[in-house]
Structures are given as structure tokens and as C-alpha cells.
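[1] Provided below are the primary sequence and the corresponding predicted coordinates.
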Amino acid sequence: MFENLTERLSRTVQQLRGKGRLTEDGISETLREVRIALLEADVALPVVQAFIGAVREKALGQEILQSLTPGQAMVKLVHDELVQIMGVQNEALDLRAQPPVTVLMAGLQGSGKTTTTAKLARLLIEREKKRVMVVSCDVYRPAAIEQLKTLAAQVGAVFQPSSVDQKPADIARQAVNEARRQMCDVLLVDTAGRLHVDEAMMAEIREVHAAVTPHETLFVVDAMTGQDAATTAAAFNSALPLTGIVLTKTDGDARGGAALSVRQITGKPIKFLGAGEKTDALQPFHPDRVASRILGMGDVLSLVEEVHRKVDHQQAEKLVNKMRKGRGFDLEDFKSQLEQMQNMGGLGGLVDKLPGMGNLPDQVKSQVDDRQTRQMIAIINSMTPHERHFPDVIRGSRKKRIALGSGTQIQAVNRLLKQHNQMQKMMKKMGKGGMARMMRKMGKLQGQLPPGKFPGGKMPF
């Protein structure tokens, strides 16, 4: 998400960095570049005009023109204004109500409501430690109820059965009573996709809303629809009292116009971003972190949080102890590290959050390919336990068998062994307390960084 916008704005930021002083002409030229970048990203025109107007007004103030580092001050202004239009801070799901807290999911056909319902259930179960029930009021789409049943089993949510011959409002009412009886903390109500111009369907969802009086009403919208996402959300908001928005399919949207338009046009906060089909691919929306990523500064806080949440700490501790005792880093350990990287969204997900990655040349970015990671795991899986623990025994005929078993070439096996050898040398150096120190530092980093701050307390430009 935001690849195109990040590329354009990063170029503008680079030009500003070396400026000793900033003139009015310089400010106008910079804002022209920013305006073009936002319009190309499919940000709604009224939002672009308001954004440029606000930045211009502040930039022409004395504090910028007389600043010792005007280029940096201008970049900070752009960053702060991006945060403003996206909502200043993360607005979490409000669960401060008598259980079961009911959350109604609304949206267009094909926006990903059912998958998002399962993702949200998993997030609440894992991070908030809530007992969650899900129910489908979609009596129109074939197999919608079965889909939610399957996903509920995957994420560990309680599934409330429903059938196509029931009325959606009756299904919702029954689910509330059942959630209360089963002492569930949260009830997620999935509804059928509908168009805001379809008056009969809009009347139906208003009836469902009246039946359960949800504490939260989330509008699920496809990020790839660009500024149309904001327009549709505004239309739904006039029919339903929305409390927040979930942007889905953000991994397929290179422009990011929806994220920058939807808050300003609807007045409703973006609460979550969905990326990918997996049930763990939902993250809270933090405007300050997203603004940093747009400007190519990375998102260190989210990266640290992800490491703490998804890295197997027991396994990491075992590896630390193993290295401390000088027992070496074998291919089984290497495979474990590769799998942990995959759990955190792969190389692509990590690179996206690292500062300065927007400035990498295209040929370098193209080499960040998670298929290679999957291929390496397949190669190691084709080895015997003995070969994994003692890689030195892997020679000619063994390499041929491993390549055949993993569907690769001998060159790929050689490449993996070479990479493992380099990792082994690095781990040997870290064995004498180095790794433990690194893990302790990462632990402190999460606790010490206030929201929106970077290491050292400075913006990294």
C-alpha cells in the first residue's frame, strides 16, 4: 500500500533535505509536487485542497522561513498534516459496555466482510482475551453461512448457526440472546453485501441494526476502490450510524487514496487495515505510523510489536542457550528462523516497515521475494534429520536427491548451503552473549518508545 505515493513524496523529501533556506517559491514548488502525488494516489480532490491549504498556511509562517533546518521542518509539516487528515491517533474498538458487546459489520458486495469478521474475532481472542461469538445474517450469498462457520473454527470463535429461510433481523436477535446465555464478551454480526442505492437492502440492514442496537457499526470497504471508498462510506453513514471503517485488500492497493480520503469525507475513524487472506492479516490503524511509512520513514514501532507478538520466544531462548553452549547453528535452526520470518509477513512485510526502504532502487526491491524463502524451507524439508544437523555430509548425490525432492535445481541447494554457512559464522560471533543483548534491547525498545516517537526522539529525516 502507498508504494506510488511513497515514491513521489520520498523524492520530494530528498530534494528538501539539503536546502539551507526555504523561499516562498520553494514552498510553492514543493506543494505542487505533493499535490500531484496525492491526486495520482486517487485522494479525493476536496481532501487534497484542504491538505495543501493547511500545509501552505503553516509553511509560510515565520517558524518555517526562519528555521535553521527549513527542509526538515517542511517535511515534518507534511507528516503532521497527513496524521491530521487520517485521524491523529488510533481509535480502538470500544468494548466498554455490558457484554455481549455487539459489533455490526456492513459493506458492499465483495468487500471482504465475512473474512474481516473472522480476522476481527481472532484479533479480539488473541490480543484482548475475549470470548467471541460470530453469526451470519447473509441469507442471499450461497455458502456464506458455511464460510463463516469454517473460519470461526479456524480462529477459535463460537459460531451461532443460522439458515437461509430465517429473516436477518430474527437471526441477529437470536444471536444476542445466545451470546448472553453462553457468556460471550463480544458478538460479531456479519451481514449481506448491499449497494447504498438498493433501498430494500438498506431498509433490511436498518432493521437488523434496530434489532440488536450494536455498540459498534463498522463499514468494511475495499481500499482498491480509491476515493469511491470514501463516497460509498459517506452514503452508508447517512443510512446507518457508523462508528468506524475497516479498509480491506490494502495489500493490492498501491495508491492508498482511500486511507487518506475516508476520514476527512465521512468524519468516521479508520479502525483497522486488512491485508491478505490469512486470518491474522488485520492490524489496528495508527495514523502517525502510516504517515511515517508514506514518507518512507518506515514503521519501527509496528515492527517491534509484531516481533514481540509473533516470534516464538521459547524457541528463541532455546537458540540463545544453544549458541551460548557453542553447539552450532544447524539447518533445523535455519528453517525455524525462516518460518518465523514468514509468520511476520515475510521479507516484503519487514522491508515495508524499515526506514529508508522507499529510496531503494527498483532492481533491489524486485529481489525482495518471499518465494525464495518458501523454496529454502522446501529444500530443508527434503533433507534427512541427519543432514539437517550435519550439513557437511551433503555432497554430490545427496544434493541431487534433495533438489529432486524439493522440485529445485542443485544450484538452489548450493545457494542455501552457502547462506546457511554465512548465518552460522554470524551466529558464532553472537553466541557469546551478543544475541541475548540484542533481544533485551528489542524488549526495552517496545516499552520505552512513546506512541509516534522514534529512537532518539527525533524524526528520521
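    Cool, got the structure.
[2] List the contacts of residue 270.
    By CB atoms under 8 Å, 6 or more residues apart in numbering, the contact list for residue 270 reads 86, 87, 244, 245, 246, 247, 259, 262, 263, 285, 287. The way it works is simple: take the backbone N, C-alpha and C, and place the C-beta from them, glycine included.
[3] SS state for the spatially most central residue of the chain?
    Central residue of the chain (CA atoms, centre = their mean): residue 283, 4.8 Å from the mean position. Under the three-state scheme (DSSP: H, G, I helix; E, B strand; the rest coil), residue 283 adopts strand.
[4] again with residue 97
    Residue 97 ends up coil, using three-state DSSP.
[5] For it, the count of nearby residues, please.
    Residue 97 has 12 neighbours, counted by other CB atoms under 10 Å.
[6] Ramachandran coordinates for the residue lying closest to it once chain neighbours are set aside?
    Excluding the flanking residues, the one nearest residue 97 by CB to CB, 6 or more residues apart in numbering is residue 215, at 4.7 Å. In terms of degrees, to the nearest 10, the main-chain angles of residue 215 are phi -70, psi -30.
[7] separation between residue 215 and residue 243?
    8 Å (CB to CB, to the nearest Å).
[8] which residues do those two both contact?
    residue 94.
[9] re the thing from before, which of the contacts of residue 270 sits closest to residue 402?
    residue 247 (43.0 Å; CB to CB).
[10] helix, strand or coil for that closest one?
    With three-state DSSP as the criterion, residue 247 reads strand.
[11] got the contact list for it?
    With CB under 8 Å, 6+ apart, residue 247 has these contacts: 221, 222, 223, 229, 258, 259, 262, 270, 272, 273, 274, 285.
[12] For the first one, list the residues it contacts.
    Contact partners of residue 221, counting by CB under 8 Å, 6+ apart, are 107, 108, 111, 229, 232, 233, 245, 246, 247, 248, 258, 262.
[13] What is the burial count for residue 181?
    9.
[14] Residue 119 versus the residue nearest to the centre of the chain, what's the distance?
    Residue 283 is 10 Å from residue 119, by CB to CB.
[15] Residue 93 now?
    Counting by CB to CB - residue 93 and residue 119 are separated by 12 Å.
[16] more crowded one of the two?
    Between residue 93 and residue 119, residue 119 has the larger neighbour count (other CB under 10 Å), namely 25 against 20.
[17] Quick check: closest non-adjacent residue to that one.
    residue 282 (3.8 Å).
[18] Residue 239 too?
    Leaving out its chain neighbours, the residue that sits closest to residue 239 by CB to CB, 6+ apart is residue 202, at 5.0 Å.
[19] Pick the one among the contacts of residue 221 closest to residue 411.
    Using CB to CB, these come closest to residue 411 at residue 248, 39.7 Å.
[20] Surely the closest one touches residue 218?
    No - with contacts counted by CB atoms under 8 Å, residue 248 stays clear of residue 218, the gap being 11.0 Å.
[21] the more surrounded of these two?
    The neighbour comparison of residue 248 against residue 218 (other CB under 10 Å) goes to residue 248, with 29 against 25.
[22] Can you check the pLDDT for that one?
    On the pLDDT scale, residue 248 is placed at 86.
[23] cool, and residue 148?
    In this model, residue 148 is scored at 93, pLDDT.
[24] go on, residue 291?
    75.
[25] what helix or strand does it sit in?
    Under the criterion of DSSP states H and E, residue 291 resides in helix 287-294.
[26] Ok, residue 202 next?
    Assigned by DSSP H and E, residue 202 falls within helix 199-212.
[27] Please apply the same query to residue 399.
    When elements are assigned from DSSP H and E, residue 399 belongs to helix 396-406.
[28] Tell me the buried residues in that helix?
    Of the residues in helix 396-406, 399, 401, 402, 403, 406 count as buried by neighbour count, 16 or more other CB atoms under 10 Å.
[29] Kindly calculate the angle that the helix or strand just after that helix makes with helix 396-406.
    Toward the C-terminus, helix 396-406 is succeeded by helix 410-430 as the next helix or strand (DSSP H and E). The directions of helix 410-430 and helix 396-406 differ by 100 degrees, with axes from the mean of the first three to the mean of the last three CA atoms, to 10 degrees as the criterion.
[30] Can you show me the strands along the stretch 251-400 of the chain?
    270-274, 282-284 (DSSP state E, counting those that start in this stretch).
[31] so which of the buried residues of helix 396-406 comes closest to residue 183?
    residue 406 (48.7 Å).
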